[in-house]
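Undergrad: Pasting the sequence and the predicted coordinates here, then a few questions.
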Amino acid sequence: MMLAHDTHHGSGGLGPVVILVVVAAVYVVAAERCRREPRGWNSWRTVSFLVGIGLLVLAVVPALSPYPDGDFRGHMHQHLLLGMYAPLALVLGAPMTLVLRSVSSSTGRAIGRVLRSRPVHVIANPVVALALNLGGLALLYFTPLYEATTHNTALHLLVHAHFFLAGYLFAWVVAGPDPAPHRPSVPTRLWILGAAILGHAVLSQLMYAGLLVQIPVPADQRQGAGELMYYGGDIAELLLALALLLTWRPARRREETPAGRR
């Protein structure tokens, strides 16, 4: 698989696209089965999941990139798709809920045990998810890691896998409709999301200014990537906040009056 980067590593052909198409087809078949059940299935979830698959296709097919081959802005464009936009769209498709409704009860219980396990409890903490996101970005751009990925295909793919998985984890624990262990309150998650917005803003401004970063690319590409990270990241996180608010059902305080007491 060839990904937009400072130095490309050759193409794996249509393999990634075929895999994504198969995943989309499996989801659609399962969603159609659930739709025919009494509980039904929300068509918007299917649309959202397919949008997420489409965004992943845009990310993994270099010919679809709006930037020239080897342009660092293309790398950042891909990062936004892999790490923010595609994960959010996929999460809103509620794939885990679809799986739980499609498998046998014994398999569902096994999945439930995994979701309740201690490691998942730790990883599914929004603060941990935020640290994996911001920490990964800082490690990539403020150490020699980025340059190393341009010469090592395995490391290159591992970094992009981290982008996607960390982004999916953060979107899931903040606003995902799928079950997650011990989610904090909505106001708390909004504060964490605010911290994410601030963190991305700081990292993007440092990148634009060329301070502390270790990215051996032309200044105009670095600055353009910083702008993409700043504005594109803001939009993605605002969409995540909107998704969270749309699912918020604040409990109404019951006002007790002497006459209303029994």
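TA: Noted; the coordinates are in hand.
Undergrad: Near residue 229, how many residues? Count them for me, please.
TA: Neighbourhood size, residue 229 [other CB atoms under 10 Å]: 25. Where you see a C-beta, it was placed from the backbone N, CA and C, and this is true even at glycine.
Undergrad: Report the contact partners of it.
TA: 76, 79-80, 200, 203-204, 207 (CB atoms under 8 Å, 6 or more residues apart in numbering).
Undergrad: And it, how close does it get to residue 90?
TA: Distance, residue 229 to residue 90, by CB to CB, to the nearest Å: 21 Å.
Undergrad: And residue 243, by the same measure?
TA: Using CB to CB, we find residue 243 at a distance of 12 Å from residue 90.
Undergrad: Next: residue 178.
TA: Taking CB to CB, one finds residue 178 at 10 Å from residue 90.
Undergrad: out of these two, which sits in the busier spot?
TA: residue 90 (26 against 17).
Undergrad: from memory the more buried one sits against residue 49, does it?
TA: Yes. Using CB atoms under 8 Å, residue 90 is in contact with residue 49, at 5.8 Å.
Undergrad: And residue 180, what's its pLDDT?
TA: Listed pLDDT for residue 180 reads 86.
Undergrad: for the one 10 residues further on, same thing?
TA: The pLDDT attached to residue 190 in the predicted structure is 93.
Undergrad: which element is it on?
TA: helix 186-209 (DSSP states H and E).
Undergrad: got a list of contacts for that helix?
TA: 126-127, 130, 133-134, 137-138, 141-142, 170, 173-175, 183-184, 212-213, 215, 222-223, 225-227, 229-230, 233-234, 237, 240-241, 244-245, 248, 250.
Undergrad: switch to 7 Å and redo it
TA: For helix 186-209, contacts defined as CB atoms under 7 Å, 6 or more residues apart in numbering pick out 126-127, 130, 133-134, 137-138, 141, 174, 212-213, 222-223, 225-227, 229-230, 233-234, 237, 240-241, 244, 248.
Undergrad: can you check stretch 89-103 too?
TA: With contacts defined as CB under 7 Å, 6+ apart, stretch 89-103 is touched by 27, 30-31, 33-34, 45-46, 48-49, 51-52, 55, 108, 111, 168, 171-172, 176-179, 243.
Undergrad: Kindly recompute the last result at 8 Å.
TA: For stretch 89-103, using CB under 8 Å, 6+ apart, the contacting residues are 27, 30-31, 33-34, 37, 39, 41, 45-46, 48-53, 55, 108, 111-112, 168, 171-172, 175-179, 243.
Undergrad: and whichever strand or helix holds residue 158 with helix 186-209, angle?
TA: In the assignment (DSSP H and E), residue 158 maps to helix 153-175. In terms of direction (axes from the mean of the first three to the mean of the last three CA atoms, to 10 degrees), helix 153-175 departs from helix 186-209 by 140 degrees.
Undergrad: Against which helices or strands is helix 153-175 packed?
TA: Here helix 153-175 touches helix 86-92, helix 126-141, helix 145-149, helix 186-209, helix 233-246, going by 3 or more CB pairs under 8 Å, 6 or more residues apart in numbering; DSSP states H and E.
Undergrad: mind listing what's buried in the fourth one?
TA: In other words, helix 186-209. 186, 189-190, 192-193, 196-197, 199-200, 203-204, 206-208 (16 or more other CB atoms under 10 Å).
Undergrad: and the very next helix or strand once past it, average pLDDT?
TA: Once helix 186-209 ends, the next helix or strand along the chain (criterion: DSSP H and E) is helix 219-227. Regarding helix 219-227, the rounded mean pLDDT is 97.
Undergrad: can I get the CA coordinates of helix 219-227 in PDB?
TA: This file holds the C-alpha atoms of helix 219-227, laid out as PDB (Å, rounded to 0.1, in the frame of the first residue of the first chain):
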ATOM      1  CA  ALA A 219       8.900  25.400   4.700                       C
ATOM      2  CA  ASP A 220       5.900  26.000   2.500                       C
ATOM      3  CA  GLN A 221       4.800  22.400   2.700                       C
ATOM      4  CA  ARG A 222       5.400  22.400   6.500                       C
ATOM      5  CA  GLN A 223       3.400  25.600   6.900                       C
ATOM      6  CA  GLY A 224       0.600  24.300   4.700                       C
ATOM      7  CA  ALA A 225       0.400  21.100   6.700                       C
ATOM      8  CA  GLY A 226       0.200  23.100   9.900                       C
ATOM      9  CA  GLU A 227      -2.700  25.100   8.500                       C
END
